[in-house]
Each structure stands twice: as C-alpha cells, then as structure tokens.
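*Asks:* Sequence and predicted structure below; questions after.
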Amino acid sequence: MQQITVLCVGRLKEPYLTAACAEYQKRLQTLCKLQIVELPAQKLPDDPNDSQIRQALDKEGAGILDKIPAGAAVVALCIEGKQMDSERFSRLLSDYATAGKDKVCFVIGGSFGLSDAVKRRADCRLSVSAMTFPHQLFRVMLLEQIYRAKQIERGSKYHK
C-alpha cells in the first residue's frame, strides 16, 4: 500500500475545512497510508519586504526538508509547476509505485509559497491551476484529488 505524506505549512483554522479533510482522510484509509504533517508558518509583519519573505521561506523550507520521509518521491505544489488532469495525476502516483517509490510526499507551502531549496528537492512540481487558492483550501483539494486518483486506479465510477 502506497504511503502518502502531505506536508503543510500552517494549521487548518476553519471547522468546515477540518471536517472536509477528515472526510477524505477517512475515505483514503483503505486506499493508501496517509499522513498529514503540519509545520509552523513563520510569523511575518503585515507588509513584509522581499528579504523578510525569503528568510521566512528558507526557515519553512528547512523544516519541510527535515520532515520528508526517506526515499519518498517529492511533489512540490507550486504555481510554476506542471498542470495535469486527474487521469494523468493518477498515473503519476501509479508510476511512482511501479518505479519502486512506495512513498510519495506532497508539499504545500504557506501563503508565500515554497523555498527554492524545496523546489529543487522535488521530483515533480505540480500546479493544479493558474488560479490562486488559499493554501488551507488547497489541502482539501489535494486530498480529494488523491482520493480521485486512487479511485481511477481501481477503475471506480467515482471519476466521471
């Protein structure tokens, strides 16, 4: 069974997002071993300058790199990443398993994104859309897409 880790900068604050994540975690129990790891977001002033943002990203990045499971394929979720449809995303997960990578680690940055070090470490840079989404909402979206990918892999009618 594939082990999937979702590393997230920041905690979920809204009860409806927490409930949605819990629902997908429950659905995924029989399809993969899922672990969600929340890392603290660096505190920044209301109007941070580029240097402050870069320092925060570097600190968050060091924490992320420290938590990536050994031997895991790393998928960085970032705006400059490659977009793919759900079928291709499902094949990506299957391809990792076929290649002997039974661990996959998805990384969701904070509101300012991911450090360059994390992006360099990634085996894949993935963008879900050219649109911008709140990173907390994106966690729900990612879990749904992982669930969808696993359903596609099983040949389920969930994906229409």
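*Replies:* That came through, no problem.
*Asks:* C-alpha from now on. contacts and neighbour counts both.
*Replies:* Noted.
*Asks:* What are the buried residues along the longest helix seen in the chain?
*Replies:* In the chain, with assignment by DSSP state H, the single longest helix is helix 135-154. For helix 135-154, burial by neighbour count (16 or more other Cα atoms under 10 Å) applies to 135-152.
*Asks:* what's next to that helix, contact-wise?
*Replies:* For helix 135-154, contacts defined as Cα atoms under 8 Å, 6 or more residues apart in numbering pick out 8, 10-12, 17, 20-21, 24-25, 27-28, 31, 86-87, 89-91, 93-94, 108-111, 157-159.
*Asks:* Make a ChimeraX selection of whichever of those turn out to be buried.
*Replies:* To isolate the buried subset of the contacts of helix 135-154 in ChimeraX, counting by 16+ other Cα under 10 Å, use the following:
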select :8,10,12,17,20,21,24,25,28,31,86,89,90,91,93,94,108,109,110
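*Asks:* Next step: the contacts of helix 135-154 restricted to helices.
*Replies:* Filtering those for helices - DSSP H - leaves 17, 20-21, 24-25, 27-28, 86-87, 89-91, 93-94.
*Asks:* For the most centrally placed residue in the chain, pull up the helix or strand it's in.
*Replies:* Ranked by distance to the mean C-alpha position of the chain (Cα atoms, centre = their mean), the top residue is residue 106 at 3.4 Å. In the assignment (DSSP states H and E), residue 106 maps to strand 103-108.
*Asks:* which residues touch that strand?
*Replies:* 2-9, 64, 68-69, 71-78, 93, 96-97, 114, 135, 139.
*Asks:* so how far is that strand from its chain's centroid?
*Replies:* 5 Å (Cα atoms, centre = their mean, to the nearest Å).
*Asks:* ok, now stretch 24-31?
*Replies:* Worked out by Cα atoms, centre = their mean, stretch 24-31 lies 16 Å from the chain centre.
*Asks:* Ok, stretch 130-140 next?
*Replies:* 10 Å.
*Asks:* can you tell me the distance between the two ends of it?
*Replies:* 18 Å (Cα to Cα, to the nearest Å).
*Asks:* longest strand of the chain?
*Replies:* Looking across the chain with DSSP state E, the single longest strand is strand 73-82.
*Asks:* Narrow the contacts of strand 103-108 to those that are buried.
*Replies:* 2-9, 64, 68, 72-78, 93, 96-97, 114, 135, 139.
*Asks:* Spit out the contact partners of residue 99.
*Replies:* With Cα under 8 Å, 6+ apart, residue 99 has no contacts at all.
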